[in-house]
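Asker: Quick one, structure for this:
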Amino acid sequence: MHQVTSDMGHRRRGMVREQLLPQGITDEGVLKVLGRVPRHLFVDHALQAQAYSANALPIGYGQTISQPISVARMTQALQVQDGHCVLEIGTGSGYQAAVLAEMGAEVYSVERIKPLYLAALDRLTRLRYFQVKLKLDDGTLGWPENGPYDRILITAGGPKVPEPLLRQLADPGILVMPLEENGTQRIVRIRRERTRWYKQDMGPARFVSLIGTYGSRG
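Answerer: Presented below is the predicted three-dimensional model:
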């Protein structure tokens, strides 16, 4: 077991060195956290050997655990600080939520697919990520009871930001999401500051589609 754990740690450090640093991830906090969170424990046992490759991996029900570089870019764009209250839309395997928790955030994450929700709940509990709270629901509606949120991260692509999520963003606050236009996706960072909104293009993306009342598909 010690040898397996050591090998995974070596692969994780290699992922940071060979994938994240060369592709513009400069935030030291993000690099440290991605080098620490055991990504291989967020995929099926049969896929663990591929956990630190550059690929997205299937987690069932048409969903994936995003590429390490995608997780790093989204996390870096979000500019999470210790103590932030963060809403995540699309729990999936729970990996991104664990990354946000390791950044010092109190995380509220919404997942619409019950088996993924249950698996993530079990996994995050076993790994002692108690600062992550999960909800089974339509993520495009957010989780208004715990808002407003300092940061909102949407891990699926849609044609526009769901209106309920904009209402749940604190002022000041940052929302990051892949937006779809003409068949392509771009990560956008939306900053709310003194009742004004600022939008910034953060580069290309490739995520599953956002499904829900305010998503690309209802």
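
Asker: So what does residue 127 look like in phi/psi?
Answerer: With angles defined as degrees, to the nearest 10, residue 127 sits at phi -90, psi 0.

Asker: That one against residue 95, yeah?
Answerer: No. Counting by CB atoms under 8 Å, residue 95 is not a contact partner of residue 127; they are 10.4 Å apart. C-beta: built from backbone N, CA, C; applies to glycine.

Asker: Comparing these two, which shows the higher neighbour count?
Answerer: residue 95 (25 against 16; other CB atoms under 10 Å).

Asker: Helices of the protein, residue ranges please.
Answerer: Taking DSSP state H, the helices of the chain run over residues 2-15, 28-34, 68-78, 95-102, 114-126, 163-167.

Asker: ok, the spatially most central residue of the chain - contacts?
Answerer: Taking CA atoms, centre = their mean, the centroid of the chain lies closest to residue 96, which sits 3.7 Å from it. Taking CB atoms under 8 Å, 6 or more residues apart in numbering as the criterion, residue 96 is in contact with 66, 71, 74, 75, 88, 153, 155.

Asker: Just the pLDDT for residue 2.
Answerer: pLDDT for residue 2: 43.

Asker: residues near residue 204, how many?
Answerer: 12.

Asker: And the lowest mean pLDDT element among the helices and strands of the chain?
Answerer: The least trusted helix or strand in the chain, going by mean pLDDT, DSSP states H and E, turns out to be helix 2-15, with a mean of 81.

Asker: just checking, residue 214 touches residue 139?
Answerer: No. The pair residue 214 / residue 139 is not scored as a contact, 9.2 Å apart, by CB under 8 Å.

Asker: Tell me the buried residues in the longest strand seen in the chain?
Answerer: Longest strand of the chain, by residue count under DSSP state E: strand 169-181. Buried residues in strand 169-181, counting neighbours by 16 or more other CB atoms under 10 Å, are found at 169, 173, 174, 175, 176, 177, 178, 179, 180.

Asker: which pair in these spans the largest distance?
Answerer: Using CB to CB, these reach their maximum pairwise distance at 173 and 180, which is 22.6 Å.

Asker: Please tabulate the contacts of residue 96 in a markdown table, including the columns pLDDT and distance to residue 33.
Answerer: What follows is these, written out as a markdown table (pLDDT from 0 to 100; distance: CB to CB, whole Å):
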| residue | pLDDT | distance to residue 33 |
| --- | --- | --- |
| 66 | 95 | 15 |
| 71 | 97 | 10 |
| 74 | 96 | 13 |
| 75 | 97 | 8 |
| 88 | 98 | 15 |
| 153 | 98 | 14 |
| 155 | 95 | 16 |
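
Asker: I appreciate the help and will end here.
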